[in-house]
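In: Could you look at this predicted model? Sequence included:
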Amino acid sequence: MEEKSAIRNSLKKLLPEKPEDLLSIISENTVIENSVLSLIDEAVQNLYHGNDTKALDLCEPLLDKVWEELNTGYWKDVPMCWRQVYSLVSVIKALSESALLSDSSRNIDHMTILKTCDMGLLMGAPILNNILARMSREFQEAFGILGKWKREKTDEDSLDFTQEKKQKCEDPKTTNDSSERKDETASDFISLPPPIKTQKTREVPRCSCPSVEMFQAMFHDPRHPVIITDAIGYWPALTTRKWSIDYLRSVAGCRTVPVEIGARYTEDSWTQKLITINELIDIYMKNANSETKAYLAQHQLFDQVWELRDDISVPVYCCLGDDEDVDINAWFGPAGTISPLHQDPKHNFLCQVMGEKHVRLYSDEHTDSMYPHQSHLLHNTSQIDLDHPDLDQFPKFSNLPCLECTLRPGDMLYIPPYHWHYVKSLSVSFSVSFWWQ
Ligand SMILES: O=C(O)CCC(=O)C(=O)O
Ligand SMILES: [Fe+2]
């Protein structure tokens with residue numbers, strides 16, 4: 001009982017002092033109807049006056065109303081104020097739930113509250129210096145969900161590896177080690193896409209931690225893919241808090257995330273759903289050949305789970321662009337996930353943290369021979385299925401030069417803007433991509 005009220009109090013400390021300050025995130029001339037505004041006002045007043053039951057009961061109809069607004073039309077056209085209100089009501093809901101943890105008639109447990117925070121983080125827009133991310137961190141810590149990896153800053157966290165950085169670029173044929181494929185869960189064999197004999201295929205070159213100037217002169221300006229080695233080895237994710245299935249469960253297992261369900265996003269049966277990371281692991285990762293693939297793909301997990309953000313760093317080379325504006329995405333899934341041949345508009349560092357991935361690359365100079373889909377939604381994706389290439393249907397593709405590689409933990413692949421890429425995981429895999437420009 002005491003522990004529960006301690007949790008509630010530590011969460012309440014994150015709130016602004018006065019109800020007006022919480023309400024101030026809604027701008028004066030908003031499109032939100034007065035009836036909704038007065039419900040929000042009532043919920044906030046009840047929360048600040050300790051009427052948690054009343055505050056919580058007001059949240060359900062409010063969230064239903066906002067949900068409807070969020071799901072009308074295209075996501076990009078949804079007015080930002082509705083997303084902010086979704087976050088605001090999620091804050092009220094999570095706080096009043098935390099106060100009612102001991103109320104046996106309510107059936108609220110730690111998962112209920114984390115789910116409320118996550119729904120706000122996923123559907124809402126950040127408010128009050130990302131209060132929902134701060135609340136979920138506080139909540140996980142207070143509830144002891146962070147387990148044995150509970151954060152403790154050590155000197156090793158800030159280890160600087162610069163002294164060890166060697167500047168040398170090598171031919172991949174001589175440096176590709178034959179390290180064995182290791183993987184913690186299923187190790188069934190995942191087949192590579194068939195080689196296309198008419199294409200001249202080379203390995204992506206590897207370069208050990210070049211200086212920024214050297215990277216710019218050799219790869220960035222001429223826009224050549226390269227695997228930079230020895231550049232991210234100091235990340236806590238690869239050292240002190242070495243990521244593993246157990247570690248991810250411990251830090252983020254209870255968190256709700258969007259996953260893609262289906263072999264690849266070009267298929268009709270492909271869909272998305274919200275599940276916890278524990279469910280992703282238990283249901284989809286234990287059997288590599290499981291019929292249905294689930295992939296936590298292109299998700300800004302690090303804005304949601306701050307503990308994981310502390311385990312990685314933005315690569316130094318991003319200073320060649322606007323390093324304030326880097327999109328960091330997580331890609332976590334079982335063996336056999338496929339990102340079909342596609343292109344993205346920004347520079348990319350695809351960093352491998354757990355497991356292995358096979359990548360094929362084609363230069364943007366050959367876009368004419370890549371047969372992009374006609375539809376607006378898939379115009380950045382090729383119609384060519386690399387796992388079953390049909391060269392009669394796509395003849396111009398047959399003679400293109402191809403680059404390929406296998407990414408292993410510690411590898412950082414530079415993909416220049418608009419370079420076509422196909423990615424298949426060969427084991428349970430976690431990659432982090434940095435898109436920058
Ligand atoms: O790792 C993957 O499955 C795809 C990564 C990707 O397409 C990207 O980082 O742009
Ligand atoms: Fe991509």
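Out: Structure's in. What do you need? Predicted, not measured: the structure shown is a model, and the values here were computed from it. Ligands and ions are numbered 1, 2, ... in the order given.

In: Who are the packing partners of the helix or strand encompassing residue 122?
Out: Assigned by DSSP states H and E, residue 122 belongs to helix 110-123. For helix 110-123, the contact count by 3 or more C-beta pairs under 8 Å, 6 or more residues apart in numbering; DSSP states H and E identifies helix 80-99, helix 131-142, strand 256-261, strand 271-276, helix 301-304 as packing neighbours. Yep, even glycine has a C-beta here, placed from its N, CA and C like the rest.

In: what separates residue 10 from ligand 1, distance-wise?
Out: 37 Å (C-beta to the nearest ligand atom, to the nearest Å).

In: In contact with that residue, which residues are there?
Out: By C-beta atoms under 8 Å, 6 or more residues apart in numbering, residue 10 lies in contact with 138, 142.

In: Could you list the alpha-carbon positions for the helix or strand where it lies in PDB?
Out: Secondary structure from DSSP H and E places residue 10 in helix 2-12. The C-alpha trace of helix 2-12 is given here as PDB (Å, rounded to 0.1, in the frame of the first residue of the first chain):
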ATOM      1  CA  GLU A   2       2.800   2.400   1.000                       C
ATOM      2  CA  GLU A   3       4.800   1.400  -2.100                       C
ATOM      3  CA  LYS A   4       1.800   2.200  -4.300                       C
ATOM      4  CA  SER A   5       1.200   5.700  -2.900                       C
ATOM      5  CA  ALA A   6       5.000   6.300  -3.200                       C
ATOM      6  CA  ILE A   7       4.600   5.500  -6.900                       C
ATOM      7  CA  ARG A   8       1.700   7.800  -7.300                       C
ATOM      8  CA  ASN A   9       3.500  10.600  -5.500                       C
ATOM      9  CA  SER A  10       6.700  10.300  -7.600                       C
ATOM     10  CA  LEU A  11       4.600  10.400 -10.800                       C
ATOM     11  CA  LYS A  12       2.600  13.400  -9.500                       C
END
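
In: neighbouring contacts of the helix or strand that that helix is followed by?
Out: From helix 2-12 onward toward the C-terminus, using DSSP H and E, the following helix or strand is helix 19-23. Under the criterion C-beta under 8 Å, 6+ apart, residues 15-16, 40-41, 44-45, 47-48, 88, 91, 128 lie in contact with helix 19-23.

In: can you pull the alpha-carbon coordinates of helix 19-23 into CSV?
Out: This file holds the C-alpha atoms of helix 19-23, laid out as CSV (Å, rounded to 0.1, in the frame of the first residue of the first chain):
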residue,chain,number,x,y,z
PRO,A,19,-4.0,22.7,-13.2
GLU,A,20,-3.9,25.8,-15.5
ASP,A,21,-0.3,24.9,-16.4
LEU,A,22,-1.3,21.4,-17.5
LEU,A,23,-4.3,22.9,-19.5
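
In: how far out from the middle of the chain is it?
Out: 31 Å (C-alpha atoms, centre = their mean, to the nearest Å).

In: and the following helix or strand past it, what does it pack onto?
Out: Next along the chain after helix 19-23, taking DSSP H and E as the criterion, comes helix 34-48. Secondary structure elements in contact with helix 34-48, counted by 3+ C-beta pairs under 8 Å, 6+ apart, are helix 19-23, helix 52-70, helix 80-99.

In: JSON lines for those, including distance to ligand 1, mean neighbour count and mean pLDDT?
Out: Converted to JSON lines, these look like this (distance: least, C-beta to the nearest ligand atom, whole Å; neighbours: other C-beta atoms under 10 Å; pLDDT from 0 to 100):
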{"stretch": "helix 19-23", "distance to ligand 1": "37", "mean neighbour count": "15", "mean pLDDT": "94"}
{"stretch": "helix 52-70", "distance to ligand 1": "26", "mean neighbour count": "18", "mean pLDDT": "96"}
{"stretch": "helix 80-99", "distance to ligand 1": "25", "mean neighbour count": "24", "mean pLDDT": "96"}
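
In: would you list those helices in TSV and tack on distance to residue 229?
Out: Formatted as TSV, the helices and strands packed on helix 34-48 follow (distance: least, C-beta to C-beta, whole Å):
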stretch	distance to residue 229
helix 19-23	49
helix 52-70	43
helix 80-99	40
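
In: Quick one, which of the ones you listed gets closest to residue 105.
Out: With C-beta to C-beta as the measure, helix 52-70 is the member of those nearest residue 105 (9.7 Å).

In: hmm, back to that, with distance to residue 317 as added columns, please give the helices and strands packed on helix 110-123 in JSON lines.
Out: Shown next, in JSON lines, are the helices and strands packed on helix 110-123 (distance: least, C-beta to C-beta, whole Å):
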{"stretch": "helix 80-99", "distance to residue 317": "32"}
{"stretch": "helix 131-142", "distance to residue 317": "27"}
{"stretch": "strand 256-261", "distance to residue 317": "28"}
{"stretch": "strand 271-276", "distance to residue 317": "32"}
{"stretch": "helix 301-304", "distance to residue 317": "19"}
